[in-house]
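turn this into a structure:
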Amino acid sequence: MAQSRRVERVAALIRREVSELLMSGIKDERVHHGMVSVTNVEVAGDLQHCRIFVSVFGSADDREVAMAGLQAASAYVKGELGRRLKMRRTPEVVFVLDRGLEKGNTVLGLLQRLETERRERDDGEGPADPAGDTDSEA
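This is a model prediction of the structure:
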């Protein structure tokens, strides 16, 4: 249990420090092609490896360019983490593109489109029959 808390604490520290590095530390212009944000950090139980999940807001080209810049800056990020966290061994850093926000936006867009289509269909048919009867025999 104590090991798990330590891993979570290290992951939170890495997330904070990498977020700060993204704002002011990494000078590679490729990283700043889209709005890059850290969404999650997974640290291995032995603290030797960490995967940093990032979301890039922008076009597909912006995502590719930003991820290439982050991969190139991974050695710099590892060195900065070593200096800032003062750990005995700094974990190997791997950046992973997190598509969760992108998928969420796609789903929200589809739901919005369905709602618009439903409203248009309801407006075109006139008032709906509350009883649900479709034939009008009188």
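
now do the strands in this protein.
Per DSSP state E, the chain carries strands over the ranges 35-43, 49-57, 92-97.

which of these sits most buried?
For those, the largest average neighbour count (mean count of other C-beta atoms under 10 Å) is found in strand 49-57, namely a mean of 19. Using the backbone N, CA and C atoms, a C-beta is placed for each residue, glycine as well.

and for that strand, what's in contact with it?
11, 14-15, 18, 33-44, 62-63, 66-67, 70, 91-98, 100-102 (C-beta atoms under 8 Å, 6 or more residues apart in numbering).

ditto for stretch 7-23
In contact with stretch 7-23 (C-beta under 8 Å, 6+ apart) are residues 31, 36-38, 40-45, 47, 50, 52, 77, 80-81, 84-85, 87, 91.

where in this protein is pLDDT low?
1-3, 125-138 (pLDDT under 70).

how about the helices in it?
2-20, 60-72, 74-85, 100-125 (DSSP state H).
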